[in-house]
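Trainee: Compute the structure for the input listed below.
(4 chains, ligands or ions: 4)
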2 protein chains.
Amino acid sequence: MNSKKNAPADALDTFARFLQDRGLRMTRDRRAIIRQVFEVHAHFTMDDLFIALRLKGERLSKTTLYRNLPLLVESGLIRRVPGESSDGRFEHVLGHPHHDHLICLECGREIEFSCTDLETAQDNICRRYGFHPVWHRLGIWGYCRRCRARRSVKPKER
Amino acid sequence: MNSKKNAPADALDTFARFLQDRGLRMTRDRRAIIRQVFEVHAHFTMDDLFIALRLKGERLSKTTLYRNLPLLVESGLIRRVPGESSDGRFEHVLGHPHHDHLICLECGREIEFSCTDLETAQDNICRRYGFHPVWHRLGIWGYCRRCRARRSVKPKER
DNA sequence: TCCTTATTGCGACTGGTTTCCATTACCAAC
DNA sequence: GTTGGTAATGGAAACCAGTCGCAATAAGGA
Ligand SMILES: [Mn+2]
Ligand SMILES: [Mn+2]
Ligand SMILES: [Zn+2]
Ligand SMILES: [Zn+2]
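Mentor: Ligands and ions are numbered 1, 2, ... in the order given. Have a look, this model is predicted:
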């Protein structure tokens, strides 16, 4: 219900527990990072985050982000978004459950979707191979409805 | 039938046409690259390719590879393989049709699979969104049968 | 409060990729 | 077969995201 409203607080809590379990410490920077990450409901890069935090007056360094985002990933609070090449794109998880992406080659827009058939099919495959899945990333590139309409030109290849 | 045997030749042909269409030229280096890429039936990195070609006595430079692999991708002859971070991993396409990957977090082994249910589910999703798919990449990370057997320890998270 | 040790900032450093530019090689047109 | 306009190439320098080393700082349990 209020799962969205409390996401930042919940996340902070989760992370605190995660840190404690590993003998790590909760710091001002880490609090600021969590707060920011769960305040924005969109994909972000290392740099997006850095700039946002600096604008808010936080004085952490980029190195700190590079050291902490992997922890957030491990804790399950954020995940990497599939991208063409070496992404450095993340998105938070709480209040934003698993989904896959349609990425438009023309306008760059990303559509998030989730589909049980797809997940089921994956589970079946894994079972067949005796594979224990932990996570997956699916990205589909192509042309979105809007772009297709705007130019009734058909794109080429498969 | 002999689609495999002639893959290098077919590829060369395809690429020649591709180049011509764009006013680009077929060169010794490009021929060598195609030949090598279709001779090896496995994923490869920029460096794998460079070393292999050098060992064969080709005297091209790495810069040339960096300039030409993107062309091979555009021509549809090779594709990028999904990878955790900055991949620079490719695989050829001819005689090696579309498939997705199971990647073991422990041994790093990659299992290639393809599953019509999965593809169908994707098509359905795309239709629903009015999205025209061009390509997709699915990678599932987890633990392979072999590794799970070797250590009957259960991995954590979902 | 004290003390151990995790955390941080900063600059140096890295490895992969791109860019520059002068030289070489295609290849289509004579 | 020669020529000429360009594409292609090699090598070095530049770029860039990320990583590392280290001395200074700050959590947080005792
Ligand atoms: Mn997303
Ligand atoms: Mn493959
Ligand atoms: Zn679009
Ligand atoms: Zn394995």
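Trainee: ok, which stretches of chain A are strands?
Mentor: A:44-45, A:78-80, A:89-92, A:100-104, A:110-113, A:132-143 (DSSP state E).
Trainee: And the contacts of the shortest one?
Mentor: Contacts made with strand A:44-45 from outside it, assessed by CB atoms under 8 Å, 6 or more residues apart in numbering or on different chains, are listed as A:37, A:52, A:88, A:89, A:90, A:91. Using the backbone N, CA and C atoms, a C-beta is placed for each residue, glycine as well.
Trainee: my read: the fifth one touches residue A:69, true?
Mentor: Yes. Counting by CB atoms under 8 Å, a contact exists between residue A:90 and residue A:69, whose distance comes to 6.5 Å.
Trainee: Would you mind listing the residues touching both of those two?
Mentor: Contacts common to residue A:90 and residue A:69, judged by CB under 8 Å, 6+ apart, are residue A:78.
Trainee: Get me the contact residues on chain A for ligand 1.
Mentor: Residues of chain A that fall close to ligand 1, judged by CB under 5 Å from the ion: A:91, A:112.
Trainee: that older thread, adding mean pLDDT and mean neighbour count, write the strands of chain A out as CSV.
Mentor: Output for the strands of chain A, formatted as CSV (pLDDT from 0 to 100; neighbours: other CB atoms under 10 Å in any protein chain shown):
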stretch, mean pLDDT, mean neighbour count
strand A:44-45, 90, 18
strand A:78-80, 83, 19
strand A:89-92, 77, 20
strand A:100-104, 87, 21
strand A:110-113, 89, 16
strand A:132-143, 88, 20
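Trainee: Give the other helices and strands that the helix or strand bottoming out on mean pLDDT in chain A contacts.
Mentor: Within chain A, no helix or strand scores below strand A:89-92, which has a mean of 77 by mean pLDDT, DSSP states H and E. Counting contacts by 3 or more CB pairs under 8 Å, 6 or more residues apart in numbering or on different chains; DSSP states H and E, strand A:89-92 packs against helix A:28-39, strand A:44-45, helix A:62-75, strand A:78-80.
Trainee: at 10 Å instead, please
Mentor: helix A:7-21, helix A:28-39, strand A:44-45, helix A:46-55, helix A:62-75, strand A:78-80, strand A:110-113 (3 or more CB pairs under 10 Å, 6 or more residues apart in numbering or on different chains; DSSP states H and E).
Trainee: tell me the mean pLDDT over the longest one?
Mentor: I take that to be helix A:7-21. Average pLDDT, helix A:7-21: 93.
Trainee: what's near enough to touch the nearest residue to residue A:72 once chain neighbours are set aside?
Mentor: Spatial nearest neighbour of residue A:72, excluding adjacent residues (CB to CB, 6 or more residues apart in numbering or on different chains): residue A:78 at 4.6 Å. Counting by CB atoms under 10 Å, 6 or more residues apart in numbering or on different chains, residue A:78 touches A:11, A:33-34, A:37-38, A:44, A:69-72, A:90-94, A:96.
Trainee: Around ligand 3, pick out the residues from chain A.
Mentor: A:104, A:106, A:107, A:109, A:144, A:147.
Trainee: okay, now the nearest residue to the last one once chain neighbours are set aside: neighbour count?
Mentor: Going back to what we said before, that points to residue A:147. Leaving aside its sequence neighbours, residue A:147 sits nearest to residue A:106 (CB to CB, 6+ apart; 4.2 Å). Neighbour count of residue A:106, defined by other CB atoms under 10 Å in any protein chain shown: 14.
Trainee: dump the residue contacts of residue A:106.
Mentor: Here residue A:106 is in contact with A:142, A:143, A:144, A:146, A:147, A:148, A:150, A:151, A:155 (CB under 10 Å, 6+ apart).
Trainee: Please apply the same query to residue A:138.
Mentor: For residue A:138, counting by CB under 10 Å, 6+ apart, the contacting residues are A:82, A:99-102, A:113-115, A:118-119, A:122, B:82, B:100, B:118, B:122, B:125, B:136-140.
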